[in-house]
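*Asks:* Build the 3D model from these lines:
(2 chains)
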Amino acid sequence: MDKKTLTTIIASIFVIGIMAAGFTSADRIIDNATGIYIENFVAGSTVQANFSYDYLRDRPENPDNSPLILRINITSSDSAYPVWRGDFDINGFIKRYILFGLIPIGEKHFNCSEQDSQTIVHPLGNELVSAENGTFYCYNPEGDLDFGDFNAQDIVYLNITSHPALWPGQYNLEAKLFYLSDTYPPTVNILNKSYFDQYFSDGSHVSFEVEIIDVNLHDYNAKIIVPSYGNISFAKEHVSGDIYRFFQTLPTTDPIPEGEYLINVYSIDTAGNVGEDNTTLRIDRTPPEIELIEPKDKVYSGILPIEFNVTDEKSRVKNVTYRLKEMDENNNVCPTGKSSWECYDSGDIPLDYNFTTETFKDEINTIEVGLESGRYWIQAEACDNLGNCRKFDPANEK
Amino acid sequence: MNRRKNMKKKTIAIVSILLGILLIGIVSAGLIDYFGRITGEVTVEDPVFYLSKTSTSVNDLDYYSLNLNQFDENVGDGEFTNGLESEWFITEELGIEDFYPAKYTFYVKACAENNTETDLIGQIDMTLKIIDSNGNPRDINCPTSITDVPTVNSCSSSDYQEYLPVFCSIESLNLNPTDRFLLSFTNGAHQITYYIKMDGYSRIETTYNG
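*Replies:* Down below sits the predicted model:
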């Protein structure tokens, strides 16, 4: 392709780009605009002006619930006598008609403000605007100046009250129609955050509810952010109203390392406003600490005390068991399962928590059990509420 | 072949840049630009003050009214006599801090009643003033008079005359928003009772005098 053709293509693209920016405004040209009709009036009196226009179906620049805002500007044709703030007061109402202006379907009133710096506060959002002398922003704070998305005709009526000392002469009126963009981010609030005071581990099912409020909610998600591991997304469901539930079972095959991780709940509306809330997910993969207190390395007769000090700071001890096995003179320990050696193996015996000593204790009546004189090997296992377990074996303690 | 590939890359790059600029413009929007503009023109006329029987109070004293721009249909007669009394007509608080230089034209419908056996010719003196919220009038140099007012023994509805307008001109006025216009009627030292008709005719018309 030659240079001339390339230049043409580039120029065309550039023009299209400009047209695209301008075309967006051109999309907003209203049809059948008539007015502004107003009769000459005497300074100090109230006069009514009106104008009308058609709404078109499918207005891409106007998302649902976007309010209509009118900006009325009054200027004097004589620069020696400009309009001053307070020369006029304006309020009005809109009547909407369908079917070629024959059937009225509603009427909404609005107030107008000429305040220099004013914030248009609206359910959809707010906008700080500056009004020059003679410039009024008119809107309905409840945001219902928009009657709906269908072909209709609006007739706007303005009640204009003038200052009695208004310079008598010719004035120009201009009405511009605006939409207010959504500037409010979604409100995101994780409910019952105390749920995350507990620890979680492999295979734990995490489920929580979040309140997300936005009139133009577009999307929402939640994830666990685990550095050097990757994010884990939550499944989600809409419960009702503004309540959403997120849930997930933590992985077991590739478990999350122990630590504290951010849970981020993210929400975005159709205007791109983002709202978030966070909480902390705590992972505990540490089993309880086990310390043998009894029996010590000595000879016992009659009652054999069993006592372990078992602690778990994070997820608390769930259960502790011990096992007593007979030893022979060669320090062999009674094997688990079937063997030719008929030896004593107590099996796993649960230990109860003693609130007085704050340890896990039991005692064996050796006579009742029928333990013969000899040496015995003791083992234990303790598990916390998340299933983190640790075994105690004297051989490992030495 | 290589030239075609290079050109395609350039084209894609340019389009991407333009779209990016367009996207930035949309995302940055707050109050979306107007999508409709409608205009109109209007002529504002000078205010008119109509004499009315409606009572207006200033500093706990009641006076007749000067209605702004519209007569309130409270018809009646204002009466004064003998040069010692005067009849006041007062507007509501003007709520303004200045008034442009203007010509004030007075339209009066009145009847003059002669209570003596002497043939008398009357004169109606009018003065436009400003009165403040304490009821204190101040002069703004706007006296006028209707001279050669014939008298009758007893005023009836048919005896009222619509006199030719008289006027005065005043430079711009500096006002306090609580100030009011005051129209005061008096006459010379004759034993004549004057009746000013308040029916929408008696009025003050202002005209910009710049």
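*Asks:* Find the centremost residue of chain B, please.
*Replies:* By CA atoms, centre = their mean, chain B has its centre lying nearest to residue B:47, at 3.7 Å.
*Asks:* Find the least confident helix or strand in chain B, judged by mean pLDDT.
*Replies:* Least confident helix or strand, chain B: helix B:2-27 with a mean of 38, by mean pLDDT, DSSP states H and E.
*Asks:* ok but residue A:368 is inside a strand, no?
*Replies:* No - applying DSSP: H, G, I helix; E, B strand; the rest coil, one finds residue A:368 to be helix, outside a strand.
*Asks:* Count residues in the vicinity of it, would you?
*Replies:* Number of residues near residue A:368 (other CB atoms under 10 Å in any protein chain shown) recorded here: 9. No exception for glycine: its C-beta is placed from N, CA and C like everyone else's.
*Asks:* where's it relative to chain B, distance?
*Replies:* 82 Å (CB to the nearest CB, to the nearest Å).
*Asks:* Wait, a strand at residue B:93?
*Replies:* No - inclusion of residue B:93 in a strand is not indicated when three-state DSSP is applied; the result is coil.
*Asks:* Isn't it up against residue B:132?
*Replies:* No - using CB atoms under 8 Å as the test, residue B:93 is too far from residue B:132 to be in contact (9.8 Å).
*Asks:* list residues touching both of the two?
*Replies:* Residues touching both residue B:93 and residue B:132 (CB atoms under 8 Å, 6 or more residues apart in numbering or on different chains) are B:178, B:179, B:180.
*Asks:* Tell me the bridge partners for residue A:248.
*Replies:* Applying DSSP bridges to residue A:248 yields these beta-bridge partners: residue A:206.
*Asks:* can you tell me which residues contact it?
*Replies:* A:205, A:206, A:207, A:224, A:232, A:233, A:234, A:235.
*Asks:* pLDDT weak spots in the stretch 251-398 of chain A?
*Replies:* Residues of the stretch 251-398 of chain A that meet the criterion pLDDT under 70 lie in A:396-398.
*Asks:* where does the closest residue to chain B within it land in three-state SS?
*Replies:* Closest approach between the stretch 251-398 of chain A and chain B, counting by CB to the nearest CB: residue A:272, at 6.4 Å. Secondary structure, three-state DSSP: residue A:272 is coil.
*Asks:* any idea how far it is from residue A:211?
*Replies:* 21 Å (CB to CB, to the nearest Å).
*Asks:* next one: residue A:72
*Replies:* Distance, residue A:72 to residue A:211, by CB to CB: 40 Å.
*Asks:* Those two: which is more packed in?
*Replies:* residue A:72 (24 against 17).
*Asks:* Residue A:33 is in what secondary structure piece?
*Replies:* strand A:31-38 (DSSP states H and E).
*Asks:* Check which helices and strands the helix or strand just after that strand sits against.
*Replies:* Heading C-terminal from strand A:31-38, the first helix or strand you meet, by DSSP H and E, is strand A:41-42. With contacts defined as 3 or more CB pairs under 8 Å, 6 or more residues apart in numbering or on different chains; DSSP states H and E, strand A:41-42 has these neighbours: strand B:31-45.
*Asks:* rewinding a little: can you select the buried ones from the contacts of residue A:248 in ChimeraX?
*Replies:* Per 16 or more other CB atoms under 10 Å in any protein chain shown, the buried members of these correspond to this ChimeraX selection:
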select /A:206,224,232,234
